[in-house]
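Student: sequence isn't available, so here's the structure alone:
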């Protein structure tokens, strides 16, 4: 059966579409800031980590800093070139997860998903910790309370995302472009001063760094290699977030893949310029930078600087020196850096629901995550992310240097599997492709991915060797746990699917329908339920009342007889005011008497709109429905009667439906939405 | 229509009864401890409060202590005589609330209920605070942490009651009889020593009490009156809990009222003996007792005792002196006193759900409280009680003396309205009664209740005058809030009932039934839902699938055609993976096309048993059902398919049904219950 047949059946497609979310595809100039904030924000901490690592051997090792920068840039070029292949080959937005699953199998796909999950948590933790450090550089009272301030920011971000931020292009574009302007402008200004010979020194230039134990000069070749490897692997934090665009291809304007590839190129260009500029400038300005826990290695005139010394982040030191005579410039750089870091953390809150829905579709996550409408599942995901990030921030006291040891490993696991998958992809397609031009292009793409893989594989090994004991083991354990959880969920769904599979006996029709209408009073909902039950013409129809009190029972029976409703009333005796059990027992009874029939239980319900009204009503109906679901051979029909106040709930629900959810923008699901009011109320 | 007609209809009564809770009526020897712990436990703190108040004017005012005791005893006799009339006239267990509602109207009834609610909270707070003080007398490390320890005990009690304690007669009988034995035994031993002239002095006998400012000797007559009034109103704390039996008449063995009246008589006898004995003995043994915050008024050789002085409770001081040579006696008295206080607090946890269910029946509390089976409502009630009690304990630092200022006022409001109601009751009955013997009995009862009223009215005035500023205003505000809340709930239920009232147009039958069966896959639940839907022969029957993904849709359509199910399949297009809105919109659409018809939505559901499985399934069905309830003209039918694991949930539910709930025992609803296992599993 072809697609044509299917589309003929979609009768309501157009009509319903207007009630759906609107769709706005992103031009490149908006897509770049939306997807770039994560990748670019690492400029705020990656250079610092490079200098910290090199500084273990004293400031003289800073001579390697630009080489490290170049190495990171080369890896970034290779990775970006590789992802440009991916966005062409997999324009559906599944990203690394899809590439790995399709080409390497489900285990690889689940591994990538675990890596990404761990990474989202760390993106929040690292970005917010770094942002807290910038904030405390600008606002003195925050010093020493970074973990608390960071946790508060995570709580704020989470609640904004739970509430639904109206994301728009400008929300991302303004701060991201401001950040680019700030960093590149500052560096350009610095280079001009350098060229003119007026480049000032940073505040830490007069200090000296004592080598850490084990790193005293002269270093052995192996010692030096290890030092450089550590600095390089920390610098590779700059690569996190590069993969974001490959998950967002469907949100781009047409031609989607081409525009995504161009945006990737621009992202790479800007990121590399930024990080190299910062590293070179910092070195030229005489930066001295150590792990904040190693202040005793930072000497002034041969003596430790002491505990009062406040070491400011690299960008902050450069900005302060470059803009000596222009303090607004300094505050601008600090402020936009802080904002871009928060935006990067927000990226994770956006990406998490998107990943969740993809996993849910394949049965690796609770199915509720797959539906945009499931507010509960969605909220729980955001809360989970926030709680995990806060645990990390508090446990590591918001120290970026420590958290960075856990970072990167997840990203590179995902890079590697993705590149390997792409190589397989091209090899498979090459086997089928005959056109020489096409073949040439595929071979070129495969070569690019192979180069990408060789680079990322080396980086992964370097990262594992240099960071495993320092913290990466935590990430790896977390990945294993996520992996096991996903496999467990998948296993459960598969087991259920097997149990639900249709077999021979499933087309049997029930021989008769015995309908019972539950009665608590003779009121509108009861009469409506009776009418509806009659309309479905069951073989037997009776009304059932649970008698808990003689006086009430007499009143009801009188009422019933007087109204002459034409349906017999049966009383179930319940001396202890229990309602649910007598009904369940009676339904079981009927079914036992006629095992091939079905019992239809009609429950009259009236619905109210305010939350406190809902507390006062419907509890019993809910409990009863819950119990009857577990009673074989029973079907449960709710016949609702809408009270006037129920309109409130309908309106609340509509507002909620059209509320923006985190991640909508990067799925291309936002903006031109019809306002709920303008569509007229349902009658 | 008579009762005979009703009983003929109760076909399933007998059969279902075996599945209900068993019923065991209480003999007097078990009923006494069950209902007496609250009233008797006040012996642990009421005498202390009398001595504290008298001591304001120095130890010389202790000369009035036995007169205060007598006054309290007289009031207690009057109250008990009055309640003996109530248990005969209102054997249904509604207690003061029923008496006030029937005879004085709903506002009076609600006032009584508010008073009782406030009183339950204070019973927990006062009893646990007193228990914490006894515990810290026996266990030194607890000193100074009474509020924390008390709060922990409340949490423990609440969680025991949430979990369901298997209450049995012994659970109450052993500690209550032990307490009677301990106190009366100790006093008897003391009186023997007194007769033999060997009565020792208590530990505080060598101290002197300085009069508080404003109470210096010689007191003016008014000053003395006020002092005695304060002491008396604190002593009246001994009367709280006396009304418990009038709520428990249905749990007594037959003749219920007579046995209840006898038990009341015994309770009064024991309570009066205890309190008088303790007061007299304490005075004979030279007790010196002040407010724990007034230690500077307690002098040793003319100088204050200082902060290290540990003032032990009156019973503890007597026990230590009487059992000087037999310390196990001392520890026995302290231990059973502590236990009886905890038991008294537990009384409130028992009474609260019972009161809640009575209020719910009349529409003054959420209706869910009226059903024994509603675990959620029940748990929330217990949590509310615990939280309020903890707030009081912490706010008043577990000081009984302060909390007692809030106590008593609620009880006496309820006593007064109840007595007034009883007088009205007899007057009304006298108007109809002709038999002279019966009339004489009624007149006698009315006289007793009138005497009771005059006593309790005086006490209420005394309590209000002496305690209003000291704390009773808090209780009165709380009562107003409870009152307003109950009236609000009642008003809401009345408004809804009015809106639901049947009018002329309500017997209209829908003209046609348009049934749609929601399909997500072709599996057993879907086929069952189709079969059930077919069996109810709707005018139109179609299957509906929400198409979110082209591949899945093609697969389903293929499957559908191949199986030749004889029901047309309609596809609803949903590009953003939304499931609920397209279905709601389609149902609304159908209904709009045919406003006098009804849309029957059949939802195939499979049910699983483990809690984590439930997280993975059914979320969408639940949400959809919730939404469709608010869509007019729609009825929602759940067609469940029970997976194997669903049996787990059935068994859990059965265990829960037969779990004991707090308050069951005093409603006569416990013990000979069939074990859930022995009744065979449902098929």
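Tutor: Everything's here; your move. Since the model is a prediction, treat every value here as computed from it, not as a measurement. Numbering: from 1, shown residues only, chains lettered A, B, ... in the order given.
Student: how about the helices in the stretch 351-500 of chain A?
Tutor: A:375-395, A:400-403, A:409-432, A:436-467, A:473-500 (DSSP state H, counting those that start in this stretch).
Student: quick one: the fourth one to helix A:473-500, angle?
Tutor: If I follow you right, that is helix A:436-467. With axes from the mean of the first three to the mean of the last three CA atoms, to 10 degrees applied, the angle from helix A:436-467 to helix A:473-500 works out at 120 degrees.
Student: got the buried residues for helix A:436-467?
Tutor: Buried positions in helix A:436-467, judged by neighbour count with 16 or more other CB atoms under 10 Å in any protein chain shown: A:442, A:445-446, A:448-450, A:452-453, A:455-456, A:459-460, A:462-464, A:466-467. No exception for glycine: its C-beta is placed from N, CA and C like everyone else's.
Student: residue nearest the centroid of chain A?
Tutor: The centre of chain A sits closest to residue A:352, judged by CA atoms, centre = their mean, with a distance of 1.0 Å.
Student: any idea how far that one is from chain B?
Tutor: Residue A:352 sits 16 Å away from chain B, going by CB to the nearest CB, to the nearest Å.
Student: that residue reaches residue A:388, doesn't it?
Tutor: No - taking contacts as CB atoms under 8 Å, residue A:352 lies outside contact range of residue A:388: 10.5 Å.
Student: lowest-confidence helix or strand of chain A?
Tutor: helix A:13-17 (a mean of 37; mean pLDDT, DSSP states H and E).
Student: average pLDDT across the next helix or strand after it?
Tutor: The helix or strand immediately downstream of helix A:13-17 is helix A:28-41, counting by DSSP states H and E. Mean pLDDT, helix A:28-41: 88.
Student: buried residues in helix A:28-41?
Tutor: A:30-41.
Student: and that helix, what does it pack onto?
Tutor: With contacts defined as 3 or more CB pairs under 8 Å, 6 or more residues apart in numbering or on different chains; DSSP states H and E, helix A:28-41 has these neighbours: helix A:106-138, helix A:169-195, helix A:244-247, helix A:256-284, helix A:327-361.
Student: got these as a markdown table, with mean pLDDT columns?
Tutor: Output for the helices and strands packed on helix A:28-41, formatted as a markdown table (pLDDT from 0 to 100):
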| stretch | mean pLDDT |
| --- | --- |
| helix A:106-138 | 91 |
| helix A:169-195 | 90 |
| helix A:244-247 | 84 |
| helix A:256-284 | 93 |
| helix A:327-361 | 87 |
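Student: okay, those helices in a markdown table with distance to residue B:65 next?
Tutor: Formatted as a markdown table, the helices and strands packed on helix A:28-41 follow (distance: least, CB to CB, whole Å):
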| stretch | distance to residue B:65 |
| --- | --- |
| helix A:106-138 | 66 |
| helix A:169-195 | 76 |
| helix A:244-247 | 82 |
| helix A:256-284 | 86 |
| helix A:327-361 | 69 |
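Student: quick one, which of these gets closest to residue B:532.
Tutor: helix A:327-361 (28.6 Å; CB to CB).
Student: quick check: angle from the closest one to helix A:473-500?
Tutor: 30 degrees.
Student: sorry, back to before: can I get the helices of the stretch 351-500 of chain A in TSV with mean pLDDT and distance to residue A:181?
Tutor: Converted to TSV, those look like this (pLDDT from 0 to 100; distance: least, CB to CB, whole Å):
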stretch	mean pLDDT	distance to residue A:181
helix A:375-395	86	29
helix A:400-403	89	24
helix A:409-432	93	27
helix A:436-467	92	30
helix A:473-500	92	34
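Student: mind checking those helices for the one nearest to residue A:288?
Tutor: Short answer: helix A:400-403, nearest of those by CB to CB, at 15.5 Å.
Student: which elements pack onto that closest one?
Tutor: helix A:46-54, helix A:106-138.
Student: now for the last one, which elements pack on it?
Tutor: Applying 3+ CB pairs under 8 Å, 6+ apart, one finds that helix A:106-138 contacts helix A:28-41, helix A:95-104, helix A:146-163, helix A:327-361, helix A:375-395, helix A:400-403, helix A:409-432, helix A:473-500.
Student: chain center to that helix, what's the gap?
Tutor: 10 Å (CA atoms, centre = their mean, to the nearest Å).
Student: buried ones in it?
Tutor: A:106, A:108-137.
Student: pretty sure residue A:284 sits against residue A:193.
Tutor: No - applying CB under 8 Å, one finds residue A:284 not in contact with residue A:193, separated by 9.6 Å.
Student: show me what contacts residue A:421?
Tutor: A:96, A:99-100, A:102-104, A:108 (CB atoms under 8 Å, 6 or more residues apart in numbering or on different chains).
Student: which of those residues scores worst on pLDDT?
Tutor: Lowest confidence among those: residue A:96, with 89.
Student: what bridges to the closest residue to chain B within the stretch 451-600 of chain A?
Tutor: Ranked by CB to the nearest CB, the top residue of the stretch 451-600 of chain A for proximity to chain B is residue A:573, at 3.3 Å. Beta bridges link residue A:573 to residue A:547, judged by DSSP bridges.
Student: how near is it to residue A:634?
Tutor: 21 Å (CB to CB, to the nearest Å).
Student: give me the more crowded residue out of these two.
Tutor: residue A:634 (25 against 21; other CB atoms under 10 Å in any protein chain shown).
Student: give the closest residue to the more buried one in space, chain neighbours not counted.
Tutor: residue A:599 (4.7 Å; CB to CB, 6 or more residues apart in numbering or on different chains).
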